[in-house]
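Chemist: This is a predicted model, with the sequence first.
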Amino acid sequence: MDEKRKKVLFLIHTLQVGGAEKVLVNLVNNMDDKKFDITVMTVINTGAFRKELNSNIKYKTIFDIKFLNKEQNKSGNLYSNGSKLKKILGKLYQFFWRHVDCEKIYNKYVKDNYDVEVAFLEGVASKIIANSTNEKSKKLVWLHVDLINEKKTEKFFKNIEDEANNYKKFDTIVGVSKYVIEQAIKKYDLDPNKTIVEYNPIDREEIEKKADEYINLEKENFTIITVGRLSVQKGYDRLLKIVKKLNEDNLIFDLWIIGVGSEEEKLKKYIDNNDLENVKLLGYQENPYKYIKKADIFVCSSRAEGFSTVVSEAVILGKTIVTTECSGMREILGKNAEYGIICKNEEKDLYENLKRVLENKKIFEYYQNKIKERKNFFDMKNNIEKIEKIFQGDKNE
């Protein structure tokens, strides 16, 4: 009966193509609709993942900005190019959220009474739910990134104290990895008793099915692939410098980069200026899995992560993985990096490890076999059930 279903609101900034956004879609689409009446709300109405929500999920938005909403099949990345206009608008947007009365925003746009209110992302979404006037709801915030090494949320708050007070208003703070929670506690002096770790639900069956689709792209050489926003956080600037060095070492390989973002023009310029003909910028791809499956190595060059969705997906697809040391990587690839190569979070060590794998086929094959043992780590049903139990509990659980 409807009266027994928990009304749950998930608020996220957009449903652009990104790790946290994909996790949210996986979560809400697989929750038990006999137990939960689910609404997903975005701050800005944009993003390709809107069309992936199941029909039983209610969708709402706060700001429906027409020029951002022309085509649902686009990535929805608000910073898909680094134009001067977008930079100016971005600064104004940050100023707005630093000073706006978020309680008024909540009262005007959220309106309905929910049993559970979830800010599914740091920053703007958390500010709105932290200022909820619904005293009966259980309030949760989901942290997806190491907030000490990735400071992108700070621009939406007046200062660190303001951001700390924001997170302290929540009943439960969920981190996607142990390290994400440890860093948040350290930075904001949070109460450890209000924090929990819940790993991202990954839809293994969907990934494997999509990976089998036909791909109209010739693979001529041994291929490295990476997928993510073209942003400073993802470290593609240093990855291209590494490719240049590997080319100078006369190693034969291709690099495929899937994604869009604010750094795109800088990366294109570097590729052209350094004659990196073995690098292909493939832009936004609705189905990146068929590309990952066709490639040989998955590389993560990120400066900071939380619990990388795309590295998890590469595990499911049986790829040899070379990644920088980021939050969540040892939870994905084993404490002692048994299932993949985890190098120091620096250009030199990433270069040396990629070179080692490219030069030694036995190392590549070893990790390709080891990764198969890790596939069952991603148990969708188990992860969803754990999260459902949080929502079913009392406010002060």
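Modeler: Nice, I can see it.
Chemist: residues in contact with the closest residue in space to L350 that isn't next to it in sequence?
Modeler: Excluding the flanking residues, the one nearest L350 by C-beta to C-beta, 6 or more residues apart in numbering is C343, at 5.3 Å. No exception for glycine: its C-beta is placed from N, CA and C like everyone else's. Going by C-beta atoms under 8 Å, 6 or more residues apart in numbering, C343 touches V322, T323, T324, E325, D349, L350, E352, N353.
Chemist: Go again with 10 Å.
Modeler: Residues in contact with C343, defined by C-beta atoms under 10 Å, 6 or more residues apart in numbering, are 301, 322-325, 329, 337, 349-354, 356.
Chemist: Also I202?
Modeler: Counted by C-beta under 10 Å, 6+ apart, I202 has contacts 22-23, 26, 309, 312-313, 315-316, 377-380, 383.
Chemist: Quick check: PyMOL command selecting the buried ones in those.
Modeler: Buried members of the contacts of I202, defined by 16 or more other C-beta atoms under 10 Å, are picked up in PyMOL with:
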select buried, resi 22+23+26+309+312+313+315+316+377+378+380+383
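Chemist: how about CSV for the contacts of I202, with distance to L11 and secondary structure added?
Modeler: As requested, those are exported to CSV (distance: C-beta to C-beta, whole Å; DSSP: H, G, I helix; E, B strand; the rest coil):
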residue, distance to L11, secondary structure
K22, 16, helix
V23, 14, helix
N26, 17, helix
T309, 19, helix
S312, 24, helix
E313, 25, helix
V315, 29, helix
I316, 28, helix
F377, 29, helix
F378, 26, coil
D379, 27, coil
M380, 23, helix
N383, 21, helix
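Chemist: Verify the stated contact: F49 with L27.
Modeler: No: taking contacts as C-beta atoms under 10 Å, F49 lies outside contact range of L27: 12.0 Å.
Chemist: joint contacts of those two?
Modeler: What both F49 and L27 touch, as defined by C-beta under 10 Å, 6+ apart, is the set V40.
Chemist: list the helices and strands the helix or strand bottoming out on mean pLDDT in the chain packs on?
Modeler: Lowest by mean pLDDT, DSSP states H and E among the helices and strands of the chain is helix 84-99, with a mean of 87. Packing contacts for helix 84-99, counted by 3 or more C-beta pairs under 10 Å, 6 or more residues apart in numbering; DSSP states H and E, involve helix 124-130.
Chemist: Quick one: mean pLDDT for the top strand by length along the chain?
Modeler: The residue-count maximum for a strand in the chain (DSSP state E) belongs to strand 36-44. Averaging pLDDT along strand 36-44 yields 97.
Chemist: From the chain's centroid, how far away is it?
Modeler: Here the centre of strand 36-44 is set off from its chain's centre by 18 Å, with C-alpha atoms, centre = their mean, to the nearest Å.
Chemist: That strand vs helix 84-99, what angle?
Modeler: 120 degrees (axes from the mean of the first three to the mean of the last three C-alpha atoms, to 10 degrees).
Chemist: What are the buried residues along strand 36-44?
Modeler: Buried residues in strand 36-44 (16+ other C-beta under 10 Å): F36, D37, I38, T39, V40, M41, T42, V43, I44.
Chemist: likewise stretch 263-270?
Modeler: E263, E264, L267, Y270.
Chemist: Farthest-apart pair in the residues you listed, please.
Modeler: E264 and Y270 (11.0 Å; C-beta to C-beta).
Chemist: Overlap in contacts, those two.
Modeler: Shared contacts of E264 and Y270, counting by C-beta under 10 Å, 6+ apart, come down to Y236.
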